[in-house]
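> Starting from these lines, generate the structure:
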Amino acid sequence: MTHGREEPVETVLVLADRHSADGGVCRSSDALLTVARRLGAPAAVLCGPADAESVAALGRYGAQAIYAIPSPACGDYTVFMGVEALVRLAAQLRPVAILIAAGHTGQEVAGRLAVRLDCGLITDAVDLWMGPQGPVAVHEALAGSYLVESRVIRGIPVHTVKTEAICAEPAPAEPVVSNVEIVLPARPPAARVVAQIPRSGPQADLSASAVVVAGGSGIGSQDSFELVEKVAQALGGCAGGSHTATALGWCPRSRQIDQVGQVVHPLLYLAMGVSGSVRHRAGMQSAKTVVAIDRDPHAPIFGLADFGIVGDLHQVVPELLAEIHRRKNSSEA
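Here you go, the predicted structure:
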């Protein structure tokens, strides 16, 4: 009698992100682990010690193993420590892929890693799936108008992933934790983190907000942009702006929503005076529900909206605010 033999599941290395303020695991790591499970068995690489909270957070999204770098140098030399750990683990485990969150630090780690491993690098993937010849990366082209698929054909595939485009899905596991000892060379790396200053204020986490209210050129002026702020505050959300609104100085650059600014994926996206250009849609098209207010019935944003109001927002929005406050007051009564 012949018994079937299960094929071993290949490892997928994931470089976990940590918050600079408290050291907790970032949401981007949840998304990376979700993608990694489609390719094989996720193994997280953690810069810093494997504290109980971080282990639980990574295990919640399917990490089968955690390789922690307990060196105190992780804070000052994040890129160096991450690259060295991934190079060592890649040689030891021969993973089917290495996933890193797209961002300033992630892109630098990925670039250095690809050179060290002499392998192919694909950046800014919005999705990945396992093809017959290895991982296939999905990219957005022309600001999301088209999707393009590509794969690495040399060495271990290294991918940076735009995690804001990924819906993280829990898959609880009990990871095996081990340490990777990385020692700084006698002559430390030239680049060192001097300070990390987190954004402050109510708009600090625009990309993670459940409600986002965006204003565009249709707002008319900087004074009128206060309407966007008021609606966002009334709904308990964050305010942002289109490229034009930020270019005009009505909205800070840090709150620009489009393909080169913030990419948001809220439960509710309210667009006020936003025409809906291709570049803007690339920054918000994954929103669960889109509501648009604009005086132009042919504005492209209405093609993406679940609900639309054609009218003068200077008349519509005050009525909207009054209704929001009325319902809040009645629920508190």
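
> and Ala94, what is it in contact with?
If you look again at residue 94, you'll see it is Arg, not Ala. 11, 156 (CB atoms under 8 Å, 6 or more residues apart in numbering). All C-beta spots, glycine's among them, are computed from the backbone N, C-alpha and C.

> For stretch 76-87, list every residue counted as buried.
In terms of neighbour count (16 or more other CB atoms under 10 Å), stretch 76-87 has its buried residues at 76-86.

> ok, which pair from those residues is furthest apart?
The most widely separated members of those, counting by CB to CB, are Asp76 and Leu86 (18.2 Å).

> Gly106 sits in which helix or strand?
helix 104-117 (DSSP states H and E).

> Pretty sure Thr123 sits in a helix.
No - judged by DSSP: H, G, I helix; E, B strand; the rest coil, Thr123 forms no part of a helix; its state is strand.

> The residue nearest to it when sequence neighbours are not counted: how many residues sit nearby?
With sequence-adjacent residues excluded and distances taken as CB to CB, 6 or more residues apart in numbering, Thr123 is closest to Thr160, at 4.6 Å. A count of nearby residues for Thr160, using other CB atoms under 10 Å, gives 24.

> list the helices and strands the strand or helix carrying Thr160 packs on?
Assigned by DSSP H and E, Thr160 belongs to strand 158-161. Identification of packing neighbours for strand 158-161 by 3 or more CB pairs under 8 Å, 6 or more residues apart in numbering; DSSP states H and E yields helix 27-39, strand 97-101, helix 104-117, strand 121-125.

> now do 6 Å
Contacting strand 158-161 under the criterion 3 or more CB pairs under 6 Å, 6 or more residues apart in numbering; DSSP states H and E are the following elements: strand 97-101, helix 104-117, strand 121-125.

> Throw those into TSV and include mean neighbour count, distance to Gly218 and mean pLDDT, thanks.
Formatted as TSV, the helices and strands packed on strand 158-161 follow (neighbours: other CB atoms under 10 Å; distance: least, CB to CB, whole Å; pLDDT from 0 to 100):
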stretch	mean neighbour count	distance to Gly218	mean pLDDT
strand 97-101	27	34	98
helix 104-117	18	33	96
strand 121-125	19	30	95
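
> and of these, who's closest to Ser207?
The closest of the helices and strands packed on strand 158-161 to Ser207 is strand 97-101. By CB to CB, the value is 12.2 Å.

> The closest one relative to helix 104-117, how many degrees between them?
160 degrees (axes from the mean of the first three to the mean of the last three CA atoms, to 10 degrees).
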